[in-house]
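Asks: Sequence first, predicted model second:
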Amino acid sequence: MIANFRNLLFFYLFIFCPILSFGQADLVTAINSELIPLKSVEATSDFSDLEGLKSILKDKRIVGLGEATHGTHEFFTFKHRMLEFLVKEMGFKTFTIEADFAGTFAMNDYVVNRNGTVLEALEEMATGVWFTKEFMDMVEWIKQYNLTQTNENKVKFYGFDMQFAFNSAPALLNGTIKLKEPLSDNARKGLQVIIDHRYGAMDKSQLPLLNATAKELEKAVVVKSSPEKTKIYQQYISAVIQTIEFSIPKHRFDKDIIRDKYMAENCEWIYNFTGESKMIVWAHNLHIAKDITKNNNLPMGYYLSQKYPNEYYAIGFGFNSGSFRAYHTEKKKIMICTVPEVSIKNSSDYVFGQCAVPNFILDFKSAQVNPTINEFLNKNIYSRAIGAQYNPKKDENGGKVSNQKLIKMYDAIIFIDNTTAVSPIRPVRNAQ
């Protein structure tokens, strides 16, 4: 009924209110013939509408799940659904996310060994956008699933981000990590500077101390630990060095370049550490994308696609209109933000919003056999891309952020026509 109604509506608009060009009308018809309709964007155990993904993903070992905002209920719940599908039906055992590397070991301890609480683990992760009911529900599902599994089949939880050193640097200062050669007083001072540092440019007067600290840490060797702990603690040290390098540039764009490069390296470390267990990578669209999306910055997904060209599969998320939770740059507060339908016609979200079903998956490799879709995927086009901040001047109409060929960014798109905001559960002590 819904599909028939929308088709009649589009016919009326095409005849009497020609908002679509002839080319776009043909394109929408073509996409309608190739898309995979979604029965639900909520976390359900019915995977019948996802069966077509099995042949598409059968040889993929790393799946990037993006999101067009960090505060959308439907993105979180559908990614939860995808997680269940990938774990139960496709044998994925490693979950990684845009969160502090050292901090996520508390969450791994929670979902694998049932130690601590989910709220304590979320605080250690130091990423406020995950402090939502939707994310907590997904974490609880992982924990419950693991109760029924042998240790080798349990889903393990890792973070690949490196913006802060709230957990890794203290481990070096308090003796948790034993080193062959003790750190110098200057290096200990440098670590404290990093712990105290928050998002923003580092004071120039601290740079010599930080550079010296990084050089000393590059030579640090972990001792008196199990082989597994030694590898983990050595990576803690690498994360601190990454944090130091990230903290030095003044400009955010320079920080983004450093961050995406190191997040990719950390994903590679996790993949190798787990014995190349099939891995889910959860992050923003602009991180999981396989090529430049804006500002000429190479995203994390670029490095992963270069390192694992046949194993990595990037799924971007798009939406047309609705609400989400973000920091409003004009009102200067975190709040529920609302955007109308995309008004820029040279936008992927505008085109997808005209399709016969509201929520769907489009796999590019199979769809691009159609020459009309292939032309669409290979032209520069705008896409919604809102992170933890919402800037009405850039984000409201669906443009001015990302402008790239879809085929270069992703292997597939998950489109959700209308969205609602996530439900926050409470403030985080350490999160940004």
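Replies: Perfect, I can see it now. Residues are numbered from 1 along each chain as shown.

Asks: So what's the predicted local confidence for Ser402?
Replies: pLDDT, Ser402: 83.

Asks: ugh, wrong one, I meant Met202
Replies: pLDDT recorded at Met202 is 76.

Asks: Excluding chain neighbours, give the residue nearest to it in space.
Replies: Counting by Cβ to Cβ, 6 or more residues apart in numbering, Met202 lies nearest to Ser247, which is 4.8 Å off, once chain neighbours are set aside. For every residue, glycine as well, the C-beta is placed using N, CA and C.

Asks: Distance check, that neighbour against Ala187.
Replies: Using Cβ to Cβ, to the nearest Å, Ser247 is found at 15 Å from Ala187.

Asks: Over to Ile381?
Replies: Noted for Ile381: a distance of 49 Å to Ala187, by Cβ to Cβ.

Asks: more crowded one of Ser247 and Ala187?
Replies: Ser247 (23 against 20; other Cβ atoms under 10 Å).

Asks: Give the next helix or strand downstream of the strand or helix carrying Ala106.
Replies: Per DSSP states H and E, Ala106 falls inside helix 104-113. Note on helix 104-113: by DSSP H and E, the next helix or strand toward the C-terminus is helix 118-125.

Asks: tilt between that following helix and helix 104-113?
Replies: 150 degrees (axes from the mean of the first three to the mean of the last three Cα atoms, to 10 degrees).

Asks: Only the buried residues of helix 118-125, if you could.
Replies: By neighbour count on 16 or more other Cβ atoms under 10 Å, the buried set for helix 118-125 is 118, 121-125.

Asks: one step back: so the residue nearest to Met202 touches Asp196, yeah?
Replies: No - counting by Cβ atoms under 8 Å, Asp196 is not a contact partner of Ser247; they are 10.8 Å apart.

Asks: Regarding the residue nearest to Lys224 when sequence neighbours are not counted, what are the backbone dihedral angles?
Replies: Nearest residue to Lys224, sequence neighbours excluded (Cβ to Cβ, 6+ apart): Lys178, at 4.4 Å. Backbone geometry at Lys178, expressed as degrees, to the nearest 10, gives phi -90, psi 130.

Asks: For Ala283, give its distance to Trp141.
Replies: 19 Å.

Asks: same question, Asp417
Replies: Counting by Cβ to Cβ, the gap from Asp417 to Trp141 is 26 Å.

Asks: so what's Gly159 up against?
Replies: The contact partners of Gly159, by Cβ atoms under 8 Å, 6 or more residues apart in numbering, come to 96-104, 107, 125, 127.

Asks: those strands in the stretch 251-400 of the chain, which residues are they?
Replies: 279-282, 312-328, 333-339, 359-363, 380-383, 389-390 (DSSP state E, counting those that start in this stretch).

Asks: Give the rounded mean pLDDT of the shortest one.
Replies: Within the predicted structure, the mean pLDDT of strand 389-390 is 94.

Asks: Could you spell out the sheet neighbours of that strand, each with its direction?
Replies: Paired with strand 389-390 in the same sheet, following DSSP bridges, are strand 312-328 (parallel).

Asks: CA-only coordinates of the strand it pairs with, as PDB, when you get a sec.
Replies: Taking C-alpha atoms only, strand 312-328 is exported to PDB below (Å, rounded to 0.1, in the frame of the first residue of the first chain):
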ATOM      1  CA  TYR A 312      37.100  -4.000   3.200                       C
ATOM      2  CA  TYR A 313      33.400  -3.000   2.500                       C
ATOM      3  CA  ALA A 314      32.300   0.500   3.400                       C
ATOM      4  CA  ILE A 315      28.600   1.200   4.100                       C
ATOM      5  CA  GLY A 316      27.600   4.900   4.300                       C
ATOM      6  CA  PHE A 317      24.300   6.100   5.800                       C
ATOM      7  CA  GLY A 318      22.100   8.800   4.300                       C
ATOM      8  CA  PHE A 319      18.800  10.500   5.300                       C
ATOM      9  CA  ASN A 320      16.400  13.100   3.900                       C
ATOM     10  CA  SER A 321      14.900  14.900   6.900                       C
ATOM     11  CA  GLY A 322      14.200  14.600  10.600                       C
ATOM     12  CA  SER A 323      15.800  15.200  14.000                       C
ATOM     13  CA  PHE A 324      19.100  14.200  15.700                       C
ATOM     14  CA  ARG A 325      21.000  15.200  18.800                       C
ATOM     15  CA  ALA A 326      24.100  17.400  18.300                       C
ATOM     16  CA  TYR A 327      25.900  20.500  19.500                       C
ATOM     17  CA  HIS A 328      24.100  23.500  17.800                       C
END
